[in-house]
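Q: Let me see the structure of the following:
(one chain, ligands or ions: 1)
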Amino acid sequence: MKLTGQQRNAVQHLGHTVITACPGSGKTRTIIAKVLRCIDELSGTPRKVACITYTNTAVHEIENRIRASGAATSEGCYEVSTIHAFCQANILGKYHWMMEAYKDGYIVLPSDHDAYIELVKEIGDRYSLTDVERSKFEELGRKPDGTPISAVIPAKAALAFWDELEKRGYIDFCNIVYHSYQLVRDNPSIAHNLSCRFAYILVDEFQDTSALQVELLALIHDVGHTIFFLVGDPEQSIYSFAGADRKLMEAFSQVIGAKGFPLSGNFRATQPLVEHAERLIARHPPMVSTSKTSAFYPSVFYEHTQDSFSAITDFFLPFLEANEISYGHTAILAQNWFVLSPLGKQLREYGIPVVGPGTRPYKRKYLLGRIAEQVCAYLESSDPEILYRTEKELFMIANELTGRPYFRIFSYKGMRVVHLLMRMGDSLRQTHEAATEWLYAVAPAFEEILIEEEILPVNYKGCLSESCDEMFAEMRAHNIDVTNMALADLGILADPRKSMKLMTMHGAKGREFEAVAIICAHDGLVPYYNYYNQLSHAGLEEARRLFYVAMTRAERALWIFSSFNNRRQPPSRFIQEIGLHVS
Ligand SMILES: Nc1ncnc2c1ncn2[C@@H]1O[C@H](COP(=O)(O)OP(=O)(O)OP(=O)(O)O)[C@@H](O)[C@H]1O
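A: Now for the predicted structure:
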């Protein structure tokens with residue numbers, strides 16, 4: 001992997017390391033190079049390197065790059081995961097028996113699970129919570145002392161919610177980390193064990209690490225056998241609502257005595273784009289482009305249009321076509337999910353390959369849908385990468401259903417099952433061409449394979465057929481045209497490489513796209529405020545960083561749209577701040 005001198009120096013440093021640098025400067029590339037170096041060093045030893053990153057997408061990206069480098073043969077000496085997956089695999093999943101509440105096991109409850117939704121309703125009714133408050137349970141965070149972190153949910157409601165989860169043997173995402181922290185804090189032998197096992201812990205996007213996560217890392221650090229490699233950019237800290245504190249990066253680096261390494265230059269974006277970003281947040285020294293991509297002049301555009309759909313179809317899509325930018329290299333970003341969802345639905349109906357909110361014609365929770373999407377993606381592209389993702393999906397499904405991590409899936413056995421599913425999907429495609437018929441045919445066939453191969457227990461017989469019925473009932477209830485659904489449409493959902501991505505600005509962190517469109521750029525959304533939530537100085541600064549993250553995802557072109565259908569909220573103040581004219 002090609003590295004600059006600065007990047008190489010950071011990778012070669014033997015002690016604790018911290019890299020604080022601007023967007024596009026190669027922080028993620030450097031952390032990947034460090035993983036590869038650690039793999040080289042640790043291969044053949046019982047010790048490991050853990051690379052902790054913020055999102056599952058980032059995990060996939062890093063894993064792909066490690067595989068591409070050929071280091072995947074050293075599987076077993078590295079782990080790339082989110083902090084939740086790290087805690088689940090190395091702490092809570094292993095030591096839950098030490099906790100009275102979870103001594104017999106637990107089930108991780110995702111926020112789209114029926115039991116989760118029911119519980120939110122129950123607690124919402126008990127505490128007379130508003131719809132906005134009810135929608136924020138999945139964003140709940142927790143301080144090291146157990147206090148809930150939420151700008152909107154009253155603490156007593158959050159505590160009652162967790163109490164009920166615990167009584168029912170469930171656990172939500174934020175408590176995976178909280179209970180792991182408790183286990184490590186109360187049992188020094190666990191910290192010792194982790195420090196002996198992990199020779200290196202590398203953390204990407206450290207600016208969004210919460211106090212709870214830092215405390216957990218500090219406990220491992222204190223044992224003294226682990227070297228930390230931290231990368232981040234405080235100017236891209238956008239998760240304070242979940243407990244992130246941009247000052248923790250510097251504080252933790254000082255505590256552990258990490259040596260700082262600068263990285264300069266933005267490899268991603270062209271100079272005109274970088275100049276607009278500099279107007280929003282000025283860096284010292286100023287960020288300069290080192291991108292070799294040819295620049296568009298102009299490359300930052302603003303339009304005030306009727307609505308988001310007309311913005312995309314009248315301006316963004318024609319621009320992509322004229323400049324031969326493929327959909328797979330583009331993204332549409334918005335401050336929240338609610339404005340993306342109707343747009344996703346409209347674009348899908350318009351025939352544009354899109355993934356993201358509103359583009360899946362049924363909820364993600366359906367087991368059959370989750371497996372079928374992977375199989376369809378593989379049948380379309382034969383990409384071996386999808387085989388690994390299917391393996392992971394099976395692991396998650398088995399874990400969610402049974403409450404037990406079934407690590408054997410990540411072995412020859414798991415891969416064999418994945419191949420059996422692919423083969424079955426392919427053979428049924430010959431006789432059942434339409435997606436509807438195919439789904440009804442694969443449901444019992446996949447189920448038989450999963451039960452026979454002991455991925456699912458026998459008492460789960462019927463679960464995929466049931467899931468198939470529920471999926472279709474939901475699609476019919478929402479008037480989805482199921483008869484014209486093709487297998488390729490399902491495959492796109494699991495393999496979004498050729499599709500335009502719809503994502504929230506938060507979800508876009510760490511990503512890059514040739515062209516980016518920001519929709520609904522209105523004051524009240526970015527920055528967020530309304531009659532009940534006045535805009536504070538801290539809120540404004542966090543929103544500025546959010547807009548900065550969104551605009552620095554673009555490599556060549558950035559389009560920003562506001563809408564004259566939205567009469568209550570003026571165009572975002574950040575549009576003018578970056579030097580664009582708002583009439
Ligand atoms: N030494 C290098 N030579 C060539 N390209 C590079 C180099 N370093 C980084 N890049 C490229 O620059 C782009 C940005 O790199 P990367 O994603 O690692 O930046 P980052 O600092 O993590 O960005 P952000 O903070 O915005 O997430 C990527 O396309 C990467 O491949």
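Q: how far out from the middle of the chain is the helix or strand hosting E278?
A: Under the criterion of DSSP states H and E, E278 resides in helix 271-280. Offset of helix 271-280 from its chain centre (C-alpha atoms, centre = their mean, to the nearest Å): 26 Å.
Q: Buried residues, that helix. List them.
A: P272, L273, V274, E275, H276, A277, E278, L280 (16 or more other C-beta atoms under 10 Å). Every residue, glycine included, has its C-beta placed from N, CA and C.
Q: State the pLDDT value of the last one.
A: It refers to L280. For L280, the pLDDT comes out at 97.
Q: show me what contacts it?
A: By C-beta atoms under 8 Å, 6 or more residues apart in numbering, the residues touching L280 are R544, F547, Y548, M551, F574, E577, I578.
Q: at 7 Å instead, please
A: Applying C-beta atoms under 7 Å, 6 or more residues apart in numbering, we find L280 in contact with R544, F547, Y548, F574, E577, I578.
Q: Ok, F574 next?
A: Contacts for F574 (C-beta under 7 Å, 6+ apart) come out as L280, V526, R544, F547.
Q: Mind checking which of the contacts of L280 are buried?
A: Using 16+ other C-beta under 10 Å, the buried ones in the contacts of L280 are R544, F547, Y548, F574, I578.
Q: Touching, the last one and E278? I think so.
A: What that stands for is I578. No - at 8.9 Å, I578 does not count as touching E278 under the criterion of C-beta atoms under 7 Å.
Q: Now do stretch 7-18: everything it contacts.
A: Under C-beta under 7 Å, 6+ apart, the answer for stretch 7-18 is 3, 19, 26, 29-30, 33-34, 37, 227-230, 253, 256-261, 263.
Q: just the residues you listed that are near the ligand?
A: Restricting these to those touching the ligand (C-beta under 6 Å from any ligand atom) yields L3, G26, R29.
Q: Are we agreed that the first one is in a strand?
A: No - the assignment for L3 by DSSP: H, G, I helix; E, B strand; the rest coil gives coil, which leaves it out of any strand.
Q: what number of residues lie near it?
A: Neighbour count for L3, taken as other C-beta atoms under 10 Å: 15.
Q: check contacts around the closest residue to it other than its chain neighbours.
A: Among residues not flanking L3 along the chain, A33 sits closest, at 5.8 Å (C-beta to C-beta, 6 or more residues apart in numbering). By C-beta under 7 Å, 6+ apart, the contact list for A33 reads M1, L3, Q7, V11.
Q: Any stretches of the chain with poor pLDDT?
A: Along the chain, the parts satisfying pLDDT under 70 run over 71-75.
Q: Near the ligand, which residues of it? Just list them.
A: The chain comes close to the ligand at residues 2-4, 7, 21, 23-29, 233, 236, 267-268, 510, 512, 552, as judged by C-beta under 6 Å from any ligand atom.
Q: which of those count as buried?
A: Buried among the residues of the chain next to the ligand by 16+ other C-beta under 10 Å: 4, 7, 21, 23-29, 233, 236, 267-268, 510, 512, 552.
Q: From G462, how far off is P444?
A: 9 Å (C-beta to C-beta, to the nearest Å).
Q: no no, R408
A: Between R408 and G462 the distance is 24 Å, computed by C-beta to C-beta.
Q: And for Y106?
A: Y106 is 25 Å from G462, by C-beta to C-beta.
Q: higher neighbour count, those two?
A: Set side by side, Y106 and G462 show more neighbours around Y106, with 23 against 11, by other C-beta under 10 Å.
Q: my guess is A550 meets A508, correct?
A: Yes - applying C-beta under 7 Å, one finds A550 in contact with A508, separated by 6.2 Å.
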